[in-house]
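Peer 1: next come a sequence and a model predicted from it.
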Amino acid sequence: APTEGYEDVIVVPAITADNFELKHGLLTLVQNKQFSRHDKEDPHAHVRYFNKITSTMKFSNVPNTSIKLMLFPFSLE
């Protein structure tokens, strides 16, 4: 994900859950429809798609907001 120079822009709250990790398949799902800023791409549609995918994810003791913050950079080209 293009985060060079932007490492501190998205701050993910500390996750206190034991044994939490994002699986490779989940990252692949998000990366399959990356936003690349082409003229014909709709950024609003990208965010709607991202929200639709991430709203189905549930991890015990991990806020959904934290998951979204961790995954969003992977949704960008």
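Peer 2: Great, that's in hand.
Peer 1: make it CA atoms for all contacts and neighbour counts henceforth
Peer 2: Will do.
Peer 1: run through who's touching stretch 55-75.
Peer 2: When contacts are defined by Cα atoms under 8 Å, 6 or more residues apart in numbering, stretch 55-75 is touched by residues 1-3, 10-13, 15-17, 27, 30-31, 33-35, 50, 54.
Peer 1: and it, what's its mean pLDDT?
Peer 2: Averaging pLDDT along stretch 55-75 gives 91.
Peer 1: so where's the longest helix in this structure?
Peer 2: What stands out as the longest helix in the chain, according to DSSP state H, is helix 43-54.
Peer 1: so for Gln6, what's the pLDDT?
Peer 2: Rather than Gln, residue 6 is Tyr. Looking at Tyr6, its pLDDT is 64.
Peer 1: got it, and the one 10 residues further on?
Peer 2: Reading off the confidence values, Thr16 has pLDDT 88.
Peer 1: and it, what does it touch?
Peer 2: Thr16 makes contact with Asn61, Val62 under the criterion Cα under 8 Å, 6+ apart.
Peer 1: phi first, then psi, for it.
Peer 2: Main-chain dihedrals, Thr16, degrees, to the nearest 10: phi -100, psi 0.
Peer 1: pull the number of nearby residues for Glu21.
Peer 2: 8 (other Cα atoms under 10 Å).
Peer 1: circling back: if any of the contacts of stretch 55-75 are buried, give me the ChimeraX selection for them.
Peer 2: For the buried members of the contacts of stretch 55-75, the matching ChimeraX selection, counting by 16 or more other Cα atoms under 10 Å, is:
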select :30,31,34,35,50,54
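Peer 1: for Ala17, see how far away Lys68 is.
Peer 2: In this view, Lys68 and Ala17 are 16 Å apart by Cα to Cα, to the nearest Å.
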